[in-house]
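Structure, please.
(one chain, ligands or ions: 2)
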Amino acid sequence: MSRIVVIGANHAGTAAVNTILSNSKEHEVVVFDSNSNISFLGCGMALWIGNQISGPEGLFYSSKAALEAKGAKVFMETRVLDLDFERKTILAEGKDGSMIQQPYDKLILATGSLPIVPMIPGHDLKNVQPVKLYQHAQDVIEKLKNPEMKDIVVVGAGYIGVELAEAFKRHGRNVTMIDVEKTCLSAYYDESFTDMMKRNLEEHGIRLAFGEKVTEIRGNGCVEEVVTNMNRYKADMVVMAIGFRPNAELGKKQLAQFRNGAYLVNKQQETSVTDVYAIGDCATVYDNSIDGENYIALATNAVRSGVVAAHNVLGTPLESAGVQGSNGISIFDLKMVSTGLTLNKAKRRGINALASDYEDLQKPEFIESENEPVKIRIVYDGETRVVLGAQMASRHDLSMGIHMFSLAIQEKVTVDKLALTDLFFLPHFNKPYNYITMAALSAK
Ligand SMILES: Cc1cc2nc3c(=O)[nH]c(=O)nc-3n(C[C@H](O)[C@H](O)[C@H](O)COP(=O)(O)OP(=O)(O)OC[C@H]3O[C@@H](n4cnc5c(N)ncnc54)[C@H](O)[C@@H]3O)c2cc1C
Ligand SMILES: NC(=O)C1=CN([C@@H]2O[C@H](COP(=O)(O)OP(=O)(O)OC[C@H]3O[C@@H](n4cnc5c(N)ncnc54)[C@H](O)[C@@H]3O)[C@@H](O)[C@H]2O)C=CC1
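Residues are numbered from 1 along each chain as shown. Ligands and ions are numbered 1, 2, ... in the order given. Got it, this is the predicted structure:
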């Protein structure tokens, strides 16, 4: 019987543990997590804070008890402090100060990510709020019970920022969003799409302060205002959502790392040290849109990398198919989805990329209800014509279409092949010349 030790039991760790125990009972599986809960779906945080769901219960899909029922030994509130790759042991400290030395044959690192906190004056004032854990969401909800908490500044107009801005607006608070970039969601969409989201946010009363850099947070114990290089904004709470960094301190000295510190892994999730695997937000992913390693912190990647590592640890060789960074968002009912590279990103990488755009009604004009405008952009390589990315937006749910583009990028399909791909037609869903076909056919 070999010993498999998993450090971190959120999305990546839980996926690995479940896969191992569903496929084999022949191993001792020991799990450590420094938190008191497992499997909190951060994606539901804004829905919970914004009172769009009745409570947080459904935001968990596993627990210590569930993993133990499958056969794992689980130590919660137990932080791993040190890894000894020579002796193949790890050292952990329980909440009560007790020390545990645990030997392993195979080790899976699933320590995730941490919110980036800029080291500006005032970053440690009361009510400067990180938003990653279940406990953070609880803090925010508690603070919102105070009607004096009127002005909320959200720093970072990425995915977490825009979702929480909507949630705070639903509470009737004054919301200001600050981002260093000139627009929101700039990592995921080109301007014509981010302009739609900007308008959407403004129409719902959110004040946008884009192209500004926060230089200081001021207050007297508690936060009172946020200072940027251009303005000052009154603030009773400041939410910091400027991205994640990999939580990869444990193996820092010995494991090969990506430029941002993430553990560098191959397609089997193996690190540079034998029998040590890394999964989820603490590790790199293979990004098919750039044909190389990248860092993309998403629960979807975390879960899949957990499954891949588990099979390899069990001795069944399995390679990741790589990822495209596929993602989606719905803010005040404006739905946007994207995958792969934006045109801006492709150009920044020196790729001779082109974009084909198309706008239409989703269904034939004779469908008089639930027939919304749709907007699509396909990004492709100007020389090979291989699809590099896609973006879509509508008030209607068009999310399923992006999966095809994700597969197209993964499988290196050309835009011309996509134009002739068999896509069904039914007036309830689309037009005979549907927007995906039309965008592909319009590619120069
Ligand atoms: C508000 C919010 C919304 C999000 N929405 C989406 C979404 O809609 N779609 C999507 O795909 N992704 C979303 N994400 C991102 C997603 O949550 C992360 O990519 C995902 O949590 C990564 O999972 P992970 O298991 O790799 O890491 P983490 O979730 O960071 O978990 C790491 C675990 O390791 C434990 N740990 C760390 N260090 C130690 C140690 N030394 N000893 C013991 N235990 C340790 C931690 O306690 C934690 O439980 C969202 C994130 C947030 C915060
Ligand atoms: N719907 C989804 O799929 C969701 C995914 N997530 C994922 O969780 C991770 C973390 O999310 P976010 O924190 O929103 O990161 P993000 O990368 O989406 O956005 C960070 C934003 O902060 C801005 N920024 C960076 N430094 C700044 C600074 N010093 N001052 C002001 N602005 C600054 C960036 O320009 C960017 O717009 C991401 O990988 C994201 O994709 C999070 C929420 C929802």
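
Need the phi and psi values for A419.
For A419, the backbone dihedrals are phi -60, psi -30 (criterion: degrees, to the nearest 10).

got a list of what the spatially closest residue to it that is not a sequence neighbour touches?
Counting by Cβ to Cβ, 6 or more residues apart in numbering, A419 lies nearest to A440, which is 3.7 Å off, once chain neighbours are set aside. Where you see a C-beta, it was placed from the backbone N, CA and C, and this is true even at glycine. A440 makes contact with S356, I378, V415, D416, L418, A419, T421 under the criterion Cβ atoms under 8 Å, 6 or more residues apart in numbering.

What residues sit buried inside the helix or strand where A440 lies?
With the criterion set as DSSP states H and E, the secondary-structure element containing A440 is helix 435-441. Of the residues in helix 435-441, those buried by neighbour count under the rule 16 or more other Cβ atoms under 10 Å are Y435, I436, T437, M438, A439, A440.

Repeat that for stretch 97-106.
By neighbour count, and taking 16+ other Cβ under 10 Å as the criterion, the buried residues in stretch 97-106 are I100, Q102, Y104, K106.

Just put the residues you listed in CSV and tack on pLDDT, distance to S186 and secondary structure.
CSV is the format used below for these (pLDDT from 0 to 100; distance: Cβ to Cβ, whole Å; DSSP: H, G, I helix; E, B strand; the rest coil):
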residue, pLDDT, distance to S186, secondary structure
I100, 97, 44, strand
Q102, 98, 43, strand
Y104, 98, 42, coil
K106, 98, 40, strand
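
returning to that earlier point: of the buried residues of helix 435-441, just say which sits nearest to G401.
For the buried residues of helix 435-441, the closest approach to G401 (Cβ to Cβ) belongs to I436, at 5.9 Å.

Got phi/psi on the most centrally placed residue in the chain?
Nearest to the geometric centre of the chain sits L298, at 3.1 Å (Cα atoms, centre = their mean). L298 adopts backbone torsions of phi -140, psi 150, taken as degrees, to the nearest 10.

hang on, it packs against Q324?
No. Proximity of L298 to Q324 does not meet the contact threshold set by Cβ atoms under 8 Å, at 10.6 Å.

contacting residues for the single nearest residue of the stretch 251-400 of the chain relative to ligand 2?
When Cβ to the nearest ligand atom is the measure, the stretch 251-400 of the chain has its nearest residue to ligand 2 at A297, with 3.6 Å between them. Contacts here follow Cβ under 8 Å, 6+ apart; on that basis A297 touches S113, G243, F244, P246, D281.

Tell me how many other residues surround the last one.
Neighbouring residues of D281 were enumerated by other Cβ atoms under 10 Å; the total is 29.

quick one: the closest residue to it other than its chain neighbours from L298, how far?
In space, and not counting its chain neighbours, D281 is closest to S113: 3.6 Å by Cβ to Cβ, 6+ apart. Here the criterion is Cβ to Cβ, to the nearest Å. By it, S113 lies 10 Å from L298.

how's this protein carved up into domains?
Residue ranges of the domains in the chain are recorded as 2-113+245-313, 117-242, 333-441, according to automatic domain parsing.

want to throw those into TSV with distance to ligand 1?
Conversion of these to TSV gives the following (distance: least, Cβ to the nearest ligand atom, whole Å):
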stretch	distance to ligand 1
domain 2-113+245-313	2
domain 117-242	4
domain 333-441	12
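
Could you dump the ones you listed into a markdown table and include distance to S320?
Output for the domains of the chain, formatted as a markdown table (distance: least, Cβ to Cβ, whole Å):
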| stretch | distance to S320 |
| --- | --- |
| domain 2-113+245-313 | 5 |
| domain 117-242 | 22 |
| domain 333-441 | 11 |
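
Need the three-state assignment for H403.
Using DSSP: H, G, I helix; E, B strand; the rest coil as the criterion, the local structure at H403 reads helix.

Report the separation between it and S338.
12 Å.

okay, those two: which has more neighbours?
The residue with more neighbours, out of H403 and S338 and counting by other Cβ under 10 Å, is S338; that gives 28 against 13.

If you drop the residues flanking it in sequence, what lies closest to the more buried one?
Closest to S338 by Cβ to Cβ, 6+ apart is Q391, at 4.4 Å.

Then G55?
Spatial nearest neighbour of G55, chain neighbours left out: W48 (7.1 Å); criterion: Cβ to Cβ, 6+ apart.

Which elements pack onto the strand or helix carrying that neighbour?
With elements delineated by DSSP H and E, W48 resides in helix 45-49, which encompasses its position. Of the remaining helices and strands, those touching helix 45-49 by 3 or more Cβ pairs under 8 Å, 6 or more residues apart in numbering; DSSP states H and E are helix 134-144, helix 159-170.

winner for burial among the ones you listed?
Sort the helices and strands packed on helix 45-49 by mean neighbour count, taking mean count of other Cβ atoms under 10 Å, and helix 159-170 sits at the top with a mean of 24.

And the very next helix or strand once past that helix, what does it pack against?
Per DSSP H and E, helix 159-170 leads on to strand 174-179 as the next helix or strand towards the C-terminus. Applying 3+ Cβ pairs under 8 Å, 6+ apart, one finds that strand 174-179 contacts strand 151-155, helix 159-170, strand 207-210, strand 222-228.

pLDDT averaged over strand 174-179 - what is it?
When the per-residue pLDDT values of strand 174-179 are averaged, the result is 98.
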